[in-house]
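Student: Output the structure for:
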Amino acid sequence: MNGKTALLFAGQGAQYVGMGRDLAESDPGAREWFERANRVLGYDLATICFEGPDEVLTRTEHAQPGIFLVGWIAWQLLRARCPRFQFEATAGLSLGEFTALAAAGALSFEDGLRLVRIRGQLMQAACERADGAMAAIIGLDEAATRAVCEEAGVAMANLNCPGQIVISGARGALEKAVELAKGRGAKRAVLLNVAGAYHSPLMAPAQPGLRQALASVEVHPPRVPVISNVTARPHEDPESIRSRLVEQVTAPVLWEASMRHLLAQGFTRFVELGPGTVLSGFLRRIQKDVEVYNVADTASLQATANALA
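Tutor: The predicted model follows:
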């Protein structure tokens, strides 16, 4: 008997100039979604996704709605090609959690897109208020990384997969943490090219505005379980979804624990939707023998549709 299938949605950092362009050029349905997004937002997000420049696309206020949009379109095109395809859960990394909620029917496409645009603007403003940074710690376990964070005064931000944890905080403290991690046997400890200290207390100024934005949209009970980044367990009712999404801005992303929960529930097939294949890579580090597919462009769409058919 086949195991269950989960959809996975990319998070910030997966963006690249040109994302979604060949989908739009080859599929009128994709083009219509890009045009619809431009109308919802009141500016030309499609051209920023297709043409950049990179420094404009990587701004949090553009990257977040851009990744949400490309992930959503990848999902719509896969559904159109595989009408009998069934899935039993969704999950998304950080901003990808909003796409996962939309795919599960908890948020409308329009509300999801507007929310991640607002979230991106609020987080961009929080980045500009504090000189924060993030670093990837490779080859150090969770306990050792936590000890480094406590000593340096920074936060655990993303627990992605065995041997890869991202930490976050004020730049000076983070540079100290990188040196401590190297001294304690990390294979690599490198600062990341990001705008600020995501998933740390430095993002707290973004929370009141996001709470207000979430209060103004309709949130429905998801049709399938959607895994929360904060708890690594399925979301519950609409009110707790709103609370968890606000909490998620400063809380660590428990990605490895989220995937282990799905694996323990009998999920054996995962489809990553949106730019890049970062989540597929994490999953293979967590469990080598899972079935993993992705949809990021026309080639991967065709390959995944063929495999699922």
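Student: I figured residue 213 hits residue 117, correct?
Tutor: No: taking contact to mean CB atoms under 8 Å, the distance of 9.5 Å between residue 213 and residue 117 leaves them out of contact. (C-beta placed from N, C-alpha, C; glycine too.)
Student: Neighbour count: these two, which is higher?
Tutor: Each of residue 213 and residue 117 had its neighbours counted (other CB atoms under 10 Å), and the higher figure belongs to residue 117 (24 against 21).
Student: For the chain, which segments count as helices?
Tutor: Taking DSSP state H as the criterion, the chain carries its helices at 21-26, 28-41, 45-51, 54-57, 60-81, 96-103, 109-129, 142-152, 171-183, 207-215, 238-247, 255-264, 278-286, 298-308.
Student: ok, and what's touching the last one?
Tutor: In this case it means helix 298-308. Counting by CB atoms under 8 Å, 6 or more residues apart in numbering, the neighbours of helix 298-308 from elsewhere in the structure are 22-23, 26-27, 74, 77-78, 81-82, 85, 271, 293-295.
Student: 7 Å - rerun?
Tutor: 22, 23, 26, 77, 78, 81, 82, 85, 271, 293, 294, 295 (CB atoms under 7 Å, 6 or more residues apart in numbering).
Student: I'd like the helices of the chain laid out as JSON lines, including distance to residue 229.
Tutor: JSON lines is the format used below for the helices of the chain (distance: least, CB to CB, whole Å):
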{"stretch": "helix 21-26", "distance to residue 229": "26"}
{"stretch": "helix 28-41", "distance to residue 229": "24"}
{"stretch": "helix 45-51", "distance to residue 229": "24"}
{"stretch": "helix 54-57", "distance to residue 229": "23"}
{"stretch": "helix 60-81", "distance to residue 229": "14"}
{"stretch": "helix 96-103", "distance to residue 229": "5"}
{"stretch": "helix 109-129", "distance to residue 229": "13"}
{"stretch": "helix 142-152", "distance to residue 229": "16"}
{"stretch": "helix 171-183", "distance to residue 229": "21"}
{"stretch": "helix 207-215", "distance to residue 229": "14"}
{"stretch": "helix 238-247", "distance to residue 229": "8"}
{"stretch": "helix 255-264", "distance to residue 229": "7"}
{"stretch": "helix 278-286", "distance to residue 229": "12"}
{"stretch": "helix 298-308", "distance to residue 229": "24"}
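Student: hey, which of those is tucked in deepest?
Tutor: For these, ranked by mean neighbour count under the definition mean count of other CB atoms under 10 Å, the leader is helix 96-103 at a mean of 28.
Student: Would you check that residue 44 makes contact with residue 35?
Tutor: No: between residue 44 and residue 35 there is no contact, the gap being 9.8 Å when judged by CB atoms under 7 Å.
Student: follow-up on the earlier one: identify whichever of the helices of the chain lies nearest to residue 165.
Tutor: Among the helices of the chain, the nearest to residue 165 by CB to CB is helix 142-152 (4.8 Å).
Student: Now do the closest one: which elements does it pack against?
Tutor: Other elements packing on helix 142-152 under the criterion 3 or more CB pairs under 7 Å, 6 or more residues apart in numbering; DSSP states H and E are strand 155-161, strand 164-170, helix 171-183.
Student: can I get the ones you listed in a markdown table with mean pLDDT?
Tutor: A markdown table is the format used below for the helices and strands packed on helix 142-152 (pLDDT from 0 to 100):
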| stretch | mean pLDDT |
| --- | --- |
| strand 155-161 | 97 |
| strand 164-170 | 97 |
| helix 171-183 | 96 |
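Student: Quick one: these as a markdown table, columns for distance to residue 256 too.
Tutor: Output for these, formatted as a markdown table (distance: least, CB to CB, whole Å):
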| stretch | distance to residue 256 |
| --- | --- |
| strand 155-161 | 5 |
| strand 164-170 | 9 |
| helix 171-183 | 18 |
